[in-house]
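# Could you look at this predicted model? Sequence included:
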Amino acid sequence: PVQIVTNEKFESSAVQPTFLNFNNWQQQQQQQQHQQQQQNQHSTVGALNNEFNVDIAREMQIVDEIVNKRVKELFDSNNDDCESMSSYSAPSQIESSTDEEWTPCSSYSSAGSSPAHNTCEESSLKTTATNASKKRTRPYGRGIEDRKLRKKEQNKNAATRYRQKKKLEMENVLSEEQQLTQRNDELKRILSDRKREEKYLKTLI
């Protein structure tokens, strides 16, 4: 017998491969879109990581600059303190050196009314007068002395204020203690009166 292929079978067999090809193409498109999305996500994550690393590096640099600046300021302040201390100690050293200057009069051992002896005495008087004027006009020593006296006076005033404060507190405590003692005596008296009344009422009953 001869099999006759109808148009419906032929059309169904022709449509089926095209439908499969469309499904494969659609799956490929979906896979490509998924891969592209993953690539985009990886790229965004990488960009965020790079920005985060850049921000961290910038902040670390700022912190290092602040620390270095602070260290430099401390070093400069220490140098200034050392220079001020050396400037305070320098005038005293200069004065001691001027006090111990050699004078020609020290070489003369003979004493008398000779002209050389008189000139030596005059020169020694002049040197002592100049040294005294230097000692009177030294500013640093007077500043240190004034500072010490001022500090001592401040400590004395602070101690006086502290003693006065403690004395006032003690007076307040004593007055409060006296008031509480009086209140306690009054309460004891009231209690004794109540006990007497209670005893009297019991006897009446």
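Yep, that arrived. Numbers count the residues shown, from 1 in each chain.
# Let's see stretch 52-71 as CSV, backbone CA atoms only.
Taking C-alpha atoms only, stretch 52-71 is exported to CSV below (Å, rounded to 0.1, in the frame of the first residue of the first chain):
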residue,chain,number,x,y,z
PHE,A,52,37.1,52.3,48.9
ASN,A,53,40.9,51.6,48.7
VAL,A,54,41.5,55.1,47.3
ASP,A,55,39.4,56.6,50.2
ILE,A,56,41.4,54.6,52.8
ALA,A,57,44.7,55.6,51.3
ARG,A,58,43.6,59.3,51.3
GLU,A,59,42.5,59.1,55.0
MET,A,60,45.7,57.4,56.0
GLN,A,61,47.7,60.1,54.3
ILE,A,62,45.7,62.8,56.1
VAL,A,63,46.3,61.0,59.4
ASP,A,64,50.0,60.8,58.8
GLU,A,65,50.2,64.5,57.9
ILE,A,66,48.3,65.4,61.1
VAL,A,67,50.6,63.2,63.2
ASN,A,68,53.8,64.6,61.6
LYS,A,69,52.5,68.1,62.1
ARG,A,70,51.8,67.5,65.8
VAL,A,71,55.2,65.9,66.4
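# what's next to it, contact-wise?
For stretch 52-71, there are no external contacting residues (CB atoms under 8 Å, 6 or more residues apart in numbering). (C-beta placed from N, C-alpha, C; glycine too.)
# tell me the average confidence for that stretch?
Stretch 52-71 carries an average pLDDT of 77.
# Give me the below-cutoff pLDDT ranges for the chain.
1-22, 42-43, 45-50, 77-142 (pLDDT under 70).
# Okay, helices next: where are they in it?
For the chain, the helices defined by DSSP state H cover 7-99, 115-136, 139-204.
# Give me the helices and strands touching the last one, please.
Counting by 3 or more CB pairs under 8 Å, 6 or more residues apart in numbering; DSSP states H and E, the packing neighbours recorded for helix 139-204 are helix 7-99.
# and I144, how many neighbours?
Per other CB atoms under 10 Å, the neighbour tally for I144 reads 13.
# got it, and the one 3 residues further on?
Other residues within reach of R147 by the criterion other CB under 10 Å amount to 10.
# same check, this time on V63
A count of nearby residues for V63, using other CB under 10 Å, gives 10.
# Tell me how far it lies from K69.
According to CB to CB, to the nearest Å, V63 and K69 sit 11 Å apart.
# Could you do Q41 as well?
Distance from Q41 to K69, counting by CB to CB: 42 Å.
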